[in-house]
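Undergrad: any chance you can model this:
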Amino acid sequence: MTDAVTHFIYSVLLAIAPFVGTLVLGRMAWRLWIHYIQQDFISGIDFVLLEITPPRDVVRSPKAMELFLTNALYHMSNKGGKEEYWQGAVWFWFSLEIASIDGQVHFYIRTPTRVRSLIETQLYAQYPQAQIRAVEDYTLSVDEISPKSAWDGWGCEFKLEKSEAYPIKTYVDFGLDKDPKEEFKVDPISPVVELFGSIQKGEQMWMQIIITPTKKSWHTHGTWFTHHGWVEESRMVIQKLLKPYTTTRKQAHNEHEFGTEVRTPIFLDSAVKAMNVKITKVGFDTGIRVYYAAKKEVFNPNNKRTMRLLFRQYAKPDCNQLERHNSTQADAYSGIFLASSNTIMLLANRMLKEYRERSFFHDSLRQAIFSKHNVPWPLDGIIKAYFHPSIFVLNTEEISTLWHFPGQILKVPTLERIESKEASPPTNLPI
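TA: Just a heads-up that it's a prediction; the model follows:
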């Protein structure tokens, strides 16, 4: 390379450097501005934790919970430029929770107070005998996880093994959509409630499923700026899966027309049908997190293993399953060197705060910067980067399978239920 060419390249780089620097700084300033106004908007949202005590006789299938999710929690709206980029408006998100305190199992929904009445009316519409009341946040009973605290803790998040186009096993696969007799029901939520009800005094187990109407999008191949949603992405996944079994031929009566024939092999038939069914129902962006907290003298390490396997019954081998992600054991956080016990305790305390804040969709600056998306190996072992929370799309059928009220067949004595039925007085009473 001659000196003239070198000088020319240097001059070009020197000339465009201010523009590139301006673009980079402008992008950073824009991200900081959006983060600031969104956090300011979120700080103004007033949340309430509702405890739902189910009736003693839950005779309806999880289809009732699916209808509740669609009618009460699907708050999708188109935000204008002023709302989104000046006021920082975000879509509401909700947390569906099951918690065991000393073995006593409770069902909760955390919601913005603005839509509390809607949630109550829709829940009563499906479960008229249920009882709903506002309660204090149960997570506040655990102050912190530290060497000085009386508590120890462990937690993890979950992610889908494959693309969200593939569904997990749902209540339909268990035959609960047919409303079988109580003694013949096989309810997949029974192992969860049974486990939560088996812990001892001084122990707590928590599970949260945080949802908001899906906004996930993918770049459309062959375009500059076009994006598509999860339904279209799922169709593309199906088409790609069936491409080896798809043929295109000219029509016999018109050589300019083509016909497409798809011969789905038997071993793919079940998966393709399940994927097609999934996109016929409303989808939510979903994050799942579990947490185990206990007094240090009664902390049981075996409960970490049982909670890691909490969702094994929802695995559908030819489709999808939930697997552990971002554990506080620091299996991803530690990098090259093993994490110390103090580091593991720090991570457990961090996840306790994230559980308490019900955070998944609006990251803090720490989460946005120090994640493995931004910090490459081997620097992640030095800077202590960690896995970004996994957000995936589940439809109402899948979510209602993970969170619904068990039927009478589940005989867990520590699951509180409404024993008596409420009814209006007869209209013909004498005055």
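Undergrad: now the strands for the protein?
TA: Taking DSSP state E as the test, the strands found in the chain are 47-53, 94-101, 104-112, 131-135, 151-160, 203-213, 218-219, 227-228, 246-250, 258-262, 283-295, 322-325, 392-395.
Undergrad: can you list the strands that the last one pairs with?
TA: Going back to what we said before, that points to strand 392-395. Here strand 392-395 has these sheet partners by DSSP bridges: strand 283-295 (antiparallel).
Undergrad: between the strand it pairs with and strand 94-101, how big is the angle?
TA: 20 degrees (axes from the mean of the first three to the mean of the last three C-alpha atoms, to 10 degrees).
Undergrad: CA atoms only for strand 283-295 - export them in CSV, please.
TA: Once non-C-alpha atoms are left out, strand 283-295 reads as follows in CSV (Å, rounded to 0.1, in the frame of the first residue of the first chain):
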residue,chain,number,x,y,z
GLY,A,283,-50.1,-14.4,23.0
PHE,A,284,-48.3,-12.8,26.0
ASP,A,285,-44.7,-11.9,26.5
THR,A,286,-43.8,-14.1,29.5
GLY,A,287,-41.1,-14.3,32.1
ILE,A,288,-41.0,-17.0,34.8
ARG,A,289,-39.0,-16.9,38.0
VAL,A,290,-39.0,-19.1,41.2
TYR,A,291,-37.4,-18.5,44.5
TYR,A,292,-36.7,-20.5,47.7
ALA,A,293,-36.0,-18.7,50.9
ALA,A,294,-35.5,-20.2,54.4
LYS,A,295,-34.0,-19.5,57.7
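Undergrad: just to revisit the earlier point, turn the strands of the chain into CSV, columns for distance to residue 343 and mean neighbour count.
TA: C-betas here are computed from N, CA, C, even on glycine. Shown next, in CSV, are the strands of the chain (distance: least, C-beta to C-beta, whole Å; neighbours: other C-beta atoms under 10 Å):
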stretch, distance to residue 343, mean neighbour count
strand 47-53, 31, 18
strand 94-101, 27, 22
strand 104-112, 29, 19
strand 131-135, 34, 12
strand 151-160, 14, 22
strand 203-213, 22, 22
strand 218-219, 36, 12
strand 227-228, 39, 14
strand 246-250, 51, 10
strand 258-262, 52, 10
strand 283-295, 18, 23
strand 322-325, 18, 18
strand 392-395, 28, 24
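Undergrad: can you lay out the ones you listed as TSV showing distance to residue 316 and mean pLDDT?
TA: Putting these into TSV (distance: least, C-beta to C-beta, whole Å; pLDDT from 0 to 100) gives the following:
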stretch	distance to residue 316	mean pLDDT
strand 47-53	28	95
strand 94-101	21	96
strand 104-112	25	96
strand 131-135	33	95
strand 151-160	11	94
strand 203-213	18	96
strand 218-219	23	88
strand 227-228	25	91
strand 246-250	24	78
strand 258-262	22	76
strand 283-295	16	96
strand 322-325	10	91
strand 392-395	13	96
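Undergrad: rebuild the ones you listed as TSV, extending it with distance to residue 179.
TA: Supplementary listing: the strands of the chain in TSV, determined by distance: least, C-beta to C-beta, whole Å:
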stretch	distance to residue 179
strand 47-53	21
strand 94-101	23
strand 104-112	21
strand 131-135	24
strand 151-160	29
strand 203-213	24
strand 218-219	38
strand 227-228	37
strand 246-250	39
strand 258-262	35
strand 283-295	25
strand 322-325	26
strand 392-395	21
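Undergrad: and residue 24, which of the ones you listed is closest to it?
TA: Residue 24 lies closest, by C-beta to C-beta, to one member of these: strand 218-219, at 21.4 Å.
Undergrad: could you list the low-pLDDT ranges of the chain?
TA: Within the chain, the stretches with pLDDT under 70 are 1-2, 182-183, 250-258, 330-338, 370, 372-373, 375-386, 408-431.
Undergrad: got the residue ranges for the helices in it?
TA: For the chain, the helices defined by DSSP state H cover 3-43, 63-72, 81-85, 116-126, 190-196, 230-242, 266-278, 302-308, 341-357, 365-369, 380-383, 396-402.
Undergrad: which strands and helices lie in contact with the fourth one?
TA: Taking 3 or more C-beta pairs under 8 Å, 6 or more residues apart in numbering; DSSP states H and E as contact, the helices and strands that helix 116-126 lies on are strand 47-53, helix 63-72, strand 131-135.
Undergrad: what residues of it count as buried?
TA: Across helix 116-126, burial judged by 16 or more other C-beta atoms under 10 Å covers 116, 119-120, 122-123, 126.
Undergrad: over to stretch 29-41?
TA: Those would be 35, 37-38, 41, for stretch 29-41 by 16+ other C-beta under 10 Å.
Undergrad: not including adjacent chain positions, what is the nearest residue to residue 107?
TA: Spatial nearest neighbour of residue 107, chain neighbours left out: residue 52 (4.7 Å); criterion: C-beta to C-beta, 6 or more residues apart in numbering.
Undergrad: for that neighbour, name its beta-bridge partners.
TA: As for beta bridges, residue 52 partners with residue 107, residue 132 under DSSP bridges.
Undergrad: distance of it from residue 404?
TA: Residue 52 sits 11 Å away from residue 404, taking C-beta to C-beta, to the nearest Å as the criterion.
Undergrad: and if you look at residue 307?
TA: To residue 404, residue 307 is 20 Å away according to C-beta to C-beta.
Undergrad: have a look at the two and say which one is more surrounded.
TA: residue 404 (27 against 22; other C-beta atoms under 10 Å).
Undergrad: that one touches residue 62, doesn't it?
TA: Yes - the pair residue 404 / residue 62 is scored as a contact, 4.3 Å apart, by C-beta atoms under 8 Å.
Undergrad: common neighbours of these two, please.
TA: residue 171 (C-beta atoms under 8 Å, 6 or more residues apart in numbering).
Undergrad: these two touch, right, residue 162 and residue 322?
TA: No - applying C-beta under 8 Å as the test, residue 162 and residue 322 come out as separate, 10.9 Å apart.
Undergrad: what residues are up against the closest residue to residue 97 other than its chain neighbours?
TA: Residue nearest to residue 97 in three dimensions, not counting chain neighbours: residue 108, with 4.1 Å by C-beta to C-beta, 6+ apart. Residue 108 is in contact with 49-52, 95-99, 135, 138, counting by C-beta under 8 Å, 6+ apart.
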